[in-house]
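Novice: Next input, structure requested:
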Amino acid sequence: MSDVEAVFASAYRRFFGAILVVLCAAVVLGIVALDYAAFSRNRPTEECFFSGPTPADTSLIVPRYETVEGVTGRFSLWPLGLECEWDRVDGSGTIVATSENWGITYVAAGGVLGVFVGLVITFAPGWGNVRRRPGGV
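Specialist: Numbering: from 1, shown residues only. Okay, the predicted model is just below:
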């Protein structure tokens with residue numbers, strides 16, 4: 001491979017890495033922003049109160065009546081979605097229940113991995129520049 005070919009190969013590699021970073025970052029930011037907007041639109045605590053998620057054993061939490069006391073909702077990054085913290089009936093603390101939104105969480109995690117790989121491809125010196133020794137091998 002001549003020096004000119006090596007320069008072009010390096011430029012293509014860096015261009016591909018930069019495109020990978022931009023696309024994966026856009027996917028991750030879009031997923032997180034849309035998920036956050038979906039849950040913050042309806043006030044997370046009220047969303048927890050009316051539609052869950054609830055713990056598997058609902059006998060441990062304060063029963064739902066007409067007030068949202070006893071539950072606190074917030075946005076969660078792992079797994080992506082809604083996290084509800086319910087007061088225990090016996091008053092010994094809280095129980096946390098998360099929306100089992102693992103599919104979208106894995107897509108976002110794959111996007112973060114794609115950003116990392118794109119950064120390595122773009123900025124790692126000498127990656128992909130294979131030089132052959134004179135004589136053919």
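Novice: Quick one: list the elements packing against the strand or helix carrying C24.
Specialist: Element membership for C24 (DSSP states H and E) is helix 3-40. In terms of contacts (3 or more C-beta pairs under 8 Å, 6 or more residues apart in numbering; DSSP states H and E), helix 3-40 is packed against strand 71-77, strand 80-87, helix 102-123. To be clear about C-beta, it is placed using only N, CA and C from the backbone, and glycine gets the same treatment.
Novice: Quick check: which of these is nearest to D3?
Specialist: Of all these, it is helix 102-123 that lies closest to D3, at 21.0 Å by C-beta to C-beta.
Novice: In contact with T98, which residues?
Specialist: By C-beta atoms under 8 Å, 6 or more residues apart in numbering, the contact set of T98 is 53, 76, 79, 81-84.
Novice: Max pairwise distance over the residues you listed: which two?
Specialist: Farthest pair in the contacts of T98 (C-beta to C-beta) is P79 and C84. Separation: 12.8 Å.
Novice: More neighbours: these two, which one.
Specialist: A direct count of neighbours by other C-beta atoms under 10 Å for P79 and C84 places C84 higher, at 26 against 18.
Novice: number of nearby residues for the closest residue to the more buried one other than its chain neighbours?
Specialist: Excluding its sequence neighbours, the residue lying closest to C84 (C-beta to C-beta, 6 or more residues apart in numbering) is C48, at 3.6 Å. Residue neighbour count, defined by other C-beta under 10 Å, stands at 27 for C48.
Novice: Let me know the angle separating the helix or strand containing C48 from strand 71-77.
Specialist: Using DSSP H and E, C48 sits in helix 44-51. Here helix 44-51 runs at an angle of 110 degrees relative to strand 71-77 (axes from the mean of the first three to the mean of the last three C-alpha atoms, to 10 degrees).
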